[in-house]
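J.: Predicted model follows, preceded by the sequence.
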Amino acid sequence: MQAHICEPVKQPWLYSCRKTSATVFNRLDIDHQVDHGGDYNVPKLAPMATFFFFFLFPLLLILASFLFSALNKRSGTRPLQKPSSQIASPPSLPILGHFHLLSSALPKSFQALAHQYGPLIRLKIGSSEFLVASSAALAREILRTHDAIFANKFVFSPTRYNIYKEAEFVNAPYGTYWKFMKRLCMTKLFAGPQLDRFSHIREEEIMKLLRSLWECFEDGLTCDLSTKLTAMTNNMICRMAMSKKCSSDDKQSAVIRETVKEIVVCGSKLSFAEVHGPLKHVDLFGRGKKIKMAMLRYDSMMNQIIKDYEHHGRTGEDEEQDVMDILLDTYRDPTAEIRLTMDQIKHFFLDILIAGVDTTSASIQWAMIELLNRPEALTKLRDEIDSVVGTSRLVKESDIPNLPYLRGIVRETLRLHTSGPLIRRKSSQNSQIGGYDVKAGTNILINAYALMHDPDVWEEPNEFRPERFLKEDRAGTELKKGKDMNYFPFGSGRRACIGEAHAENVMHTAIGALVQCFDWRMDVGEKSNIKMVTGYSGAVANALMCSPVGRLNPMALCVGN
Ligand code: HEM
């Protein structure tokens, strides 16, 4: 008697029966022997049984294997993944975890660890554990392939001092409120026609900056360009957000700035130990109390502003709507998909002020630092502006498509000195990254800084070379095709920045105008002093002190012709 020959293949539930018919036949044959007195050699089969054994059974078997393989594909059965405990992790200390391996410039520390331990590492700081991803392939998995699973953010800041509980937008869970607000931002608040309607605000604020720099020049003074640029980006957002209260005289915007700055500065002074570590539940240095006090001040200021808006009312349909008008209309609308709360509105303004003011200002500061250190790049940019725009009017937003070198400077600045170097995510369900199982609730940081400085993708990655983007600019889509996961200064996927279009408009026109109207001098000592700020942002650590030398008087130039 022939043995039953079935050998297991990869899927344990499917067996490849090489001699299926014969085996079945032999088995049935045994049954047959029982029935017919043990004749082993000549099986006698009825015509129906012949049909079943030779045609129907093999056919059913083939159909079954097709069905199995289709179900297999549908249920997304994957090859077995490695457990996350196998992800590389440097040696750690009790209580502190990996704290001792991190310097004050976190993106650089993570980059150095990735060189040593690979693109995916597991780190622990105090009680917080997170994964750091530092390759384009991993970034693509997290931000594109499984974007919906990783659309939550883990919170890397001291939320317990926030007086508006559960009202945040930037850190909001990926749910109904966040989706509603994101749609509002992308369709109404910071996009398309609304952004165009605000263009006069951007022009006026740039002109105000140029005027004050011209005064510095006439008085022969050195100026703090950092503070002036931050005042400009703050006024722009305050006026776009609350034009009826924040006018061009800057008073209300300056008060808002001071309060928000105090919240940000106190928050950034909190150490890891105070946010994630053993001091998490104790306000040892009183910084938490200061944050709360500043937030209460912000709250009463916003209450007054909202009261004034409601009292003032809208004068007519043609009246220019600002962000506050749109949000208050949504708040009052009984048919709105979501009933906004006042706390959500107040927190939204806080979010855009924190996310949009210093980031845009720091990016312009970095561009200026690079240009002041590279006179040949500054001359090349000025020649381009002079030949395209001329010397009788100021550079404006509609010139941007005709100024490829200026665009190269902006792109290169955002690559080399990104103000969002670490992208935060949290998995909402069990998933996989880089062949490892990742449980729901895992905290993830994507080191955008490392990807934008990857020597395999960017030649001389630490050098400022705007030219590297000129070829791609001409080719149009090359960057998107090849390097998209090595270049995302505004993040990527569902949680990407809402202010990209605004920030890019401001960066191009402000840098263009600063170079068009002035020559610049900076102390040699200043150059070597320039560092990244501590923590996880990529801002400039020290104020940019420099002397503007007048070239074209901005007040004598026409705007907009
Ligand atoms: C050069 C300037 C700017 C840079 C480099 C920048 C960068 C970023 C980055 C990297 C993120 C995280 C994206 C992600 O997680 O995938 C982000 C998010 C965000 N940014 Fe910006 N940003 C800038 C300006 C602005 C401005 C002007 C605004 C407001 C008008 C703004 C508002 C926001 C908001 C609200 C989010 C959170 C979006 C969400 O969670 O859905 N940003 N930004």
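T.: Received it, and whenever you're ready, just let me know what you need. Keep in mind that this is a model prediction, so the values were computed, not measured.
J.: Can you mark which positions in stretch 513-526 are buried?
T.: Burial within stretch 513-526, assessed by neighbour count using 16 or more other C-beta atoms under 10 Å, is assigned to 513-518, 520, 522, 526. For glycine as for every other residue, the C-beta is placed from the backbone atoms N, C-alpha and C.
J.: which residues touch stretch 550-557?
T.: Applying C-beta atoms under 8 Å, 6 or more residues apart in numbering, the external contacts of stretch 550-557 come out as 207, 210-211, 214, 217-218, 391-394, 513, 516-519.
J.: pLDDT on it, on average?
T.: For stretch 550-557, mean pLDDT rounds to 93.
J.: Do you know the pLDDT at the closest residue to Cys223 other than its chain neighbours?
T.: Using C-beta to C-beta, 6 or more residues apart in numbering and skipping residues adjacent in sequence, the residue nearest Cys223 is Cys216, 4.3 Å away. According to the prediction, Cys216 has pLDDT 96.
J.: Now stretch 143-153: buried residues?
T.: 143, 146-147, 149-153.
J.: Just put those in CSV and tack on secondary structure and pLDDT.
T.: Putting these into CSV (DSSP: H, G, I helix; E, B strand; the rest coil; pLDDT from 0 to 100) gives the following:
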residue, secondary structure, pLDDT
Leu143, helix, 96
His146, coil, 95
Asp147, coil, 96
Ile149, coil, 97
Phe150, coil, 97
Ala151, coil, 97
Asn152, strand, 97
Lys153, coil, 94
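J.: Widest-spaced pair of those?
T.: His146 and Lys153 (14.7 Å; C-beta to C-beta).
J.: hang on, the earlier thing: how about the backbone phi and psi for the residue nearest to Cys223?
T.: phi -60, psi -40 (degrees, to the nearest 10).
J.: residues contacting it?
T.: Taking C-beta under 8 Å, 6+ apart as the test, what Cys216 contacts is 222-223, 547-548.
J.: do that again at 10 Å, thanks
T.: Counting by C-beta atoms under 10 Å, 6 or more residues apart in numbering, Cys216 touches 222-225, 228, 518, 546-548, 550.
J.: same question, Ala355
T.: Contacts of Ala355 by C-beta under 10 Å, 6+ apart are 169-170, 237, 419-420, 497-499, 503.
J.: where does the host helix or strand of it sit relative to the chain's centre, distance-wise?
T.: For Ala355, the element it lies in under DSSP states H and E is helix 342-373. Here the centre of mass of C-alpha atoms in helix 342-373, compared against the chain's by C-alpha atoms, centre = their mean, to the nearest Å, lies 14 Å away.
J.: buried ones in that helix?
T.: For helix 342-373, a neighbour-count test (16+ other C-beta under 10 Å) marks 342-372 as buried.
J.: what residues does the helix or strand following it touch?
T.: Once helix 342-373 ends, the next helix or strand along the chain (criterion: DSSP H and E) is helix 375-388. Contacts with helix 375-388, where a contact means C-beta under 10 Å, 6+ apart, come from 367-368, 370-372, 374, 391, 394-395, 399, 402-406, 408-409, 412, 464-467, 511-516, 518-520, 551-552.
J.: chain center to whichever helix or strand comes after helix 375-388, what's the gap?
T.: Using DSSP H and E, the next helix or strand after helix 375-388 towards the C-terminus is helix 404-416. Distance of helix 404-416 from the chain centroid (C-alpha atoms, centre = their mean) equals 18 Å.
J.: any weak-confidence spans in the stretch 51-200 of the chain?
T.: Low-confidence segments of the stretch 51-200 of the chain (pLDDT under 70): 51-80, 156-158.
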